[in-house]
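> Compute the structure for the input listed below.
(one chain, ligands or ions: 1)
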Amino acid sequence: MNAEEMKRAAAARAAELVRDGMRLGLGTGSTARHFVAIVGEKVRAGLKVVCVPTSEATRLQAEAEGIPLTTLDETPALDLTVDGADELDDSLRLIKGGGGALLREKIVAAASRRMVVIADGSKHVDVLGRFPLPIEVNPFGLRATQEAIVQVLARRWPSAPLTLRRGTDGNPYVTDGGHFILDAALQRIDEPEALANDLVAIPGVVEHGLFLGLASGAVIATDGGLVELGQLG
Ligand SMILES: O=C[C@H](O)[C@H](O)[C@H](O)COP(=O)(O)O
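Numbering: from 1, shown residues only. Presented below is the predicted three-dimensional model:
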């Protein structure tokens, strides 16, 4: 299987968890895109669900698929969210936000009774951190927030590069929430909980890409077949 086939296979397994009447969170990214497409096929075949998209990109795809959408204001509690990840470990701790959607993804995951991660095997790691950690910040006071983050990181990563994410036009990348993203190249995060606590305490940090205690299960597609972690049902 190539990478796209693996993503599709993981998405198809997660789609088996979807039942009539469910309130679903729809993730963002190239893996979640397969899940949204499969849900779209099921909706056109008669499945009754309402969904909250985790980004404007996913909202556009879901609308094009004819998937009924709602918001967390109308539907504040969801049954299941299915989303991709940039990295996941055996304890279902994640790094997310490579596509810039971490804030809405985390809000939607936290509003869901279950969150199932879908990924190809390349995302499954022993220790988080090879993927740069996205940190979403308010544009106001960017430089001061950046320096505060550097100081916090310096306790464990004295020289970790912290880079302002830019779009293809060279301007700072702007999230759906109107924020910027700083990517921290940490290589290895041995204590993600401690780092998460430190980051949320910094004024100006809106959210970070460590998803801890949110995922209840994962479907990982490998050349040897599907590997399931945690609880899917
Ligand atoms: O912001 C983006 C999301 O966190 C994605 O779920 C994550 O980047 C994984 O995306 P992909 O499935 O494209 O690797």
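> could you point out the longest strand in this structure?
strand 112-120 (DSSP state E).
> Quick one: name whatever helix or strand follows that one.
Beyond strand 112-120 on the C-terminal side, the first helix or strand identified by DSSP states H and E is strand 133-137.
> Neighbouring strands - and their directions - for that following strand?
strand 180-184 (antiparallel), strand 205-208 (antiparallel) (DSSP bridges).
> Compare those and give me the one nearest Ile118.
strand 205-208 (21.3 Å; CB to CB). In short, each C-beta sits where N, CA and C put it, glycine included.
> Contacts for the closest one next, please.
97, 102-103, 106, 133-138, 145, 149, 177, 179, 196, 199-200 (CB atoms under 8 Å, 6 or more residues apart in numbering).
> mind checking pLDDT for the nearest residue to Glu105 once chain neighbours are set aside?
Leaving aside its chain neighbours, Glu105 sits nearest to Thr54 (4.5 Å; criterion: CB to CB, 6 or more residues apart in numbering). Model confidence at Thr54, given as pLDDT, is 98.
> list the contacts for the closest residue to Asp126 other than its chain neighbours?
Distances taken as CB to CB, 6+ apart place Asp89 nearest to Asp126, at 6.8 Å, with adjacent residues excluded. By CB under 8 Å, 6+ apart, Asp89 lies in contact with 124-128.
> can you rerun that using 10 Å?
Residues in contact with Asp89 (CB atoms under 10 Å, 6 or more residues apart in numbering) are 95, 123-129, 189, 192, 218, 229.
> For those residues, which ChimeraX command selects only the ones that are buried?
Buried subset of the contacts of Asp89, written as a ChimeraX selection, criterion 16 or more other CB atoms under 10 Å:
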select :95,123,124,125,128,129,189,192,218,229
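> could I get the contacts of Asp89 as a markdown table with pLDDT?
Output for these, formatted as a markdown table (pLDDT from 0 to 100):
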| residue | pLDDT |
| --- | --- |
| Ile95 | 98 |
| Lys123 | 97 |
| His124 | 97 |
| Val125 | 98 |
| Asp126 | 98 |
| Val127 | 98 |
| Leu128 | 98 |
| Gly129 | 98 |
| Ile189 | 98 |
| Pro192 | 98 |
| Ala218 | 98 |
| Leu229 | 98 |
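> and which of the contacts of Asp89 is nearest the ligand?
Lys123 (7.0 Å; CB to the nearest ligand atom).
> Next one: that closest one from Ser159, what distance?
According to CB to CB, to the nearest Å, Lys123 and Ser159 sit 26 Å apart.
> Can you tell me the SS state at Gln151?
helix (DSSP: H, G, I helix; E, B strand; the rest coil).
> what do you get for Ala32?
Ala32 ends up helix, using three-state DSSP.
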